[in-house]
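let's see this in three dimensions:
(2 chains)
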Amino acid sequence: MNTELGVSWQFLQVYNTVLASLALLSLAGAAALVVYRIVRGEEAARNLLGDGALWLAWLVALVSTAGSLFYSEVIGFEPCRLCWFQRIFMYPMSVVLLVGAWRKEAATRLHALPLALIGVCISIYHYLVQIYPSIEGGSCDPNNPCSMRYVEVFGFVSIPFMAGAGFTLIAVLLWFYAKAKEE
Amino acid sequence: MNKKLIWIIGGVLGLALIVGLAAAIASEEPIDENVGFGDPTVEGQSLPMVENPNAGDPATGMTAPTVTGTDWNGNEYTIGPDGRAKIVVFLAHWCPHCQAEVPEIVQWMNAGGLPGGVDLYGVTIFTNPVRTNFPPSQWLEREGWNAPVIMDDRENSIALGYGVISTPTYIVLDGENKNLGRLAGEIGIAGYNLLASIAEASLDSGDSGDSGDDAGDS
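Below you'll find the model as predicted:
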């Protein structure tokens, strides 16, 4: 059990808040894209991002991957069981989406969208476990319980919340990208 | 990528950075990570660890180690054979089950749930400055905790001595510091009443006297 921070306390506050802000902006962006698609129609949505949707999705996956690795390898937060499941679905996307964006492959959506959708389901479940810890038992294992929050910004943004926001934005961007290629 | 997209990405990253820096400026001063740990002494044979205390505690009847330690204000307490029955609750500041349980314990104690002749002690264990809700002192004071507390050390000596492997864990001790049973998890008011009745029964049966301090009567 690691008991020492790998960074200063103040740096951790900045880091947590930057990632939490990015997560909230990601969710807001995803919601705005969905509304834009509904209000302005399919063609306008296609033209809004074009192939850039895939690059943007890759950037979200890259920041999420790097962000989680920084938490565990530099700051010293040990990933719990459900954190690992989310990593399993996020990390491959930082490679799959890069190759797909580089080669402009329409099939990238088929490869990455299931990862993003399963990932968001795990994130939601993990977030619920943090809110209702009794879902996964009545007591805490000192090693690394999934119900424990390493991060709590603005009173409600935790690490699975951030992951879920990333998965959601990636899924929406892939949806936009698929529409663009069907033209 | 078109220029519009680059502006969007730049704007999002810039905004997040500004919010982060603002949070850093507004954040409190770093907390001394040593404030969450005590320097207790644990004397006597350790109780065996049990995977599932709720399925029956094989260490029932064994004498628990005598623990002497302090709270964050330097007040010294001893959990030992002083003739008084005790309920000891082991808490971790980062554990959401403990965070849910503490207000209920406070409410139960304030309502007079703890019988006379029975003391309740809190022991903060598995303390970790890396984890949330540190230090435990701020948390317990915020919740209005008014029973004696002993802080475990970095080596978790008290937790090891009492065979505690999860939080919250409760142990009932008679006046001779014999283990009358351990329970783990959120047990609620009904659970506290059960533990109190076990502790009180040990007094009635003459297993212990009624001398010693009255630290847990508050």
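
neighbours of residue A:156, how many?
If you count neighbours by other C-beta atoms under 10 Å in any protein chain shown, residue A:156 ends up with 13. C-beta here means a position set from N, CA and C on the backbone, and glycine is covered the same way.

thought residue B:15 was touching residue A:21?
Yes - because the distance of 6.7 Å satisfies C-beta atoms under 8 Å, residue B:15 is recorded as touching residue A:21.

now the helix or strand containing residue B:158: mean pLDDT?
Per DSSP states H and E: residue B:158 is located in helix B:157-161. Mean pLDDT, computed over helix B:157-161, is 96.

wait, isn't residue B:162 in contact with residue B:86?
No - with contact defined as C-beta under 8 Å, residue B:162 does not reach residue B:86; the gap is 11.8 Å.

leaving out chain neighbours, which residue sits closest to residue B:36?
Distances taken as C-beta to C-beta, 6 or more residues apart in numbering or on different chains put residue B:135 closest to residue B:36, at 3.9 Å, once the chain neighbours are dropped.

ranges for the helices of chain B?
For chain B, applying DSSP state H gives helices covering B:3-26, B:96-110, B:136-142, B:157-161, B:188-204.

spell out which residues make up each domain of chain B.
Domain ranges of chain B: B:1-30, B:33-217, per automatic domain parsing.

now for the helix or strand bottoming out on mean pLDDT in chain A, which elements pack on it?
Lowest on mean pLDDT, DSSP states H and E among the helices and strands of chain A sits helix A:42-49, with a mean of 78. When contacts are defined as 3 or more C-beta pairs under 8 Å, 6 or more residues apart in numbering or on different chains; DSSP states H and E, helix A:42-49 sits against helix A:9-40, helix A:159-181.

give me the angle between it and helix A:159-181.
Orientation of helix A:42-49 against helix A:159-181 (axes from the mean of the first three to the mean of the last three C-alpha atoms, to 10 degrees) gives an angle of 110 degrees.

got the buried residues for helix A:42-49?
Residues A:45-46, A:48-49 are the ones in helix A:42-49 that count as buried (16 or more other C-beta atoms under 10 Å in any protein chain shown).

try stretch B:190-207
By neighbour count on 16+ other C-beta under 10 Å, the buried set for stretch B:190-207 is B:191-192, B:194-196, B:198-200, B:202-203.

what does stretch B:93-108 give?
B:93-99, B:101-102, B:104-106, B:108.

pLDDT score assigned to residue B:217?
Looking at residue B:217, the pLDDT reads 37.

quick one: stretch A:73-80 near chain B?
Yes - residues of stretch A:73-80 contacting chain B under C-beta under 8 Å from any C-beta of the partner chain: A:76-77.

endpoints of that stretch, how far apart?
End-to-end distance of stretch A:73-80 (C-alpha to C-alpha, to the nearest Å): 14 Å.

now tell me what touches the helix or strand bottoming out on mean pLDDT in chain B from outside.
The least trusted helix or strand in chain B, going by mean pLDDT, DSSP H and E, turns out to be helix B:3-26, with a mean of 76. The contact list for helix B:3-26 (C-beta atoms under 8 Å, 6 or more residues apart in numbering or on different chains) reads A:10-11, A:13-19, A:21-22, A:25, A:29, A:49, A:52, A:55-56, A:59, A:153.

before we move on, back to that, which of the domains of chain B has the lowest average pLDDT?
Mean pLDDT values for the domains of chain B show the minimum at domain B:1-30, a mean of 74.

list the residues that contact residue B:37.
B:127, B:151-154 are the contacts of residue B:37 under C-beta under 8 Å, 6+ apart.
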